[in-house]
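Engineer: how would this look folded up:
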Amino acid sequence: MTDFKFLHRPSINKDKKSPAFILLHGYGSNETDLYAFADYLPSTFHIFSLRAPQSLEWGGFAWYDIFLDSRQNKISDDLTAMQRVLDLSNFTKKLIAEYHLDENNINLLGFSQGAILSYALALNYPGQYRKIIALSGYINENIMPVNEDFSRYKNLDFFVSHGLYDDIIPIELARKISPYLQERNIKHLYKEYAMGHEVNNECFNDFIAWLDSFSSN
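Structural biologist: Predicted structure coming up:
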């Protein structure tokens with residue numbers, strides 16, 4: 001099984017199983033990027049910020065390769081992406097066992113390529129994950145499940161954000177996400193922001209408030 005290097009912030013709960021967030025960074029970044037959010041996520045959660053396994057020549061890491069075709073269109077290595085989804089699912093099980101996590105409350109936070117994988121993880125393995133914060137990504141249908149049972153998605157809930165001026169993943173791709181989730185009766189909140197390929201303060205505050213709303217219910 002593929003192991004991933006990661007940064008870990010423990011839960012303050014020592015005497016019972018705790019929920020967890022697994023953080024998946026974007027293409028060319030590393031495990032320190034999203035870990036900056038750790039102090040703002042609930043203290044009762046374990047936070048695991050993973051490093052993607054593929055080193056890039058110019059620095060940083062990737063979950064899978066992205067190529068340019070003859071027309072300069074971006075092409076994803078979908079076979080590797082599908083393998084990475086399986087690897088991450090298996091690694092989630094390992095984290096649950098080693099850290100005595102609450103297997104019914106494992107959550108994902110992904111940015112860009114990490115968000116693309118978060119969609120695929122949640123829909124391919126809906127029994128493993130609950131809340132998904134998907135920032136500046138899109139749904140790659142080539143790595144999504146083929147034979148779907150929509151009833152399996154009833155416990156999933158997404159916060160989806162995207163920048164209006166994103167020059168890496170166009171807003172047109174992001175606008176396909178909500179209809180895709182609606183068709184499958186998946187709970188979600190979709191929001192657009194006056195930003196590029198990033199997470200601005202408004203977006204950050206909104207997903208923290210979204211997450212806090214569950215504890216107040």
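Engineer: Find the centremost residue of the protein, please.
Structural biologist: Nearest to the mean C-alpha position of the chain, counting by Cα atoms, centre = their mean, stands Gly110 at 2.9 Å.
Engineer: My guess is it contacts Leu135. True?
Structural biologist: Yes. Counting by Cβ atoms under 8 Å, Leu135 is a contact partner of Gly110 at 6.8 Å. In short, each C-beta sits where N, CA and C put it, glycine included.
Engineer: can you give me the helices in the protein?
Structural biologist: Assigned by DSSP state H, the helices in the chain fall at 31-35, 78-99, 113-124, 171-174, 177-183, 201-216.
Engineer: Format these as a markdown table; extra columns: mean pLDDT and distance to Asn140.
Structural biologist: A markdown table is the format used below for the helices of the chain (pLDDT from 0 to 100; distance: least, Cβ to Cβ, whole Å):
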| stretch | mean pLDDT | distance to Asn140 |
| --- | --- | --- |
| helix 31-35 | 98 | 20 |
| helix 78-99 | 97 | 7 |
| helix 113-124 | 98 | 5 |
| helix 171-174 | 97 | 10 |
| helix 177-183 | 98 | 11 |
| helix 201-216 | 91 | 22 |
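Engineer: Tabulate those helices in CSV, adding columns for mean neighbour count and distance to Leu7.
Structural biologist: What follows is the helices of the chain, written out as CSV (neighbours: other Cβ atoms under 10 Å; distance: least, Cβ to Cβ, whole Å):
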stretch, mean neighbour count, distance to Leu7
helix 31-35, 19, 5
helix 78-99, 16, 13
helix 113-124, 26, 14
helix 171-174, 15, 28
helix 177-183, 15, 28
helix 201-216, 13, 19
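Engineer: Any chance of CSV for these, columns distance to Asp65?
Structural biologist: Converted to CSV, the helices of the chain look like this (distance: least, Cβ to Cβ, whole Å):
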stretch, distance to Asp65
helix 31-35, 19
helix 78-99, 7
helix 113-124, 10
helix 171-174, 19
helix 177-183, 23
helix 201-216, 28
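Engineer: Nearest to Gln54, out of those?
Structural biologist: Between Gln54 and the helices of the chain, the shortest gap by Cβ to Cβ is with helix 78-99, which sits at 8.2 Å.
Engineer: Tally up the residues packed near the closest residue in space to Arg84 that isn't next to it in sequence, please.
Structural biologist: Once flanking residues are discounted, Arg84 sits nearest to Trp63: 5.1 Å by Cβ to Cβ, 6 or more residues apart in numbering. Trp63 has 30 neighbours, counted by other Cβ atoms under 10 Å.
Engineer: got a list of what Trp63 touches?
Structural biologist: Contacts for Trp63 were tallied using Cβ atoms under 8 Å, 6 or more residues apart in numbering; they are 24, 27, 52-54, 80-81, 84, 113-114, 117.
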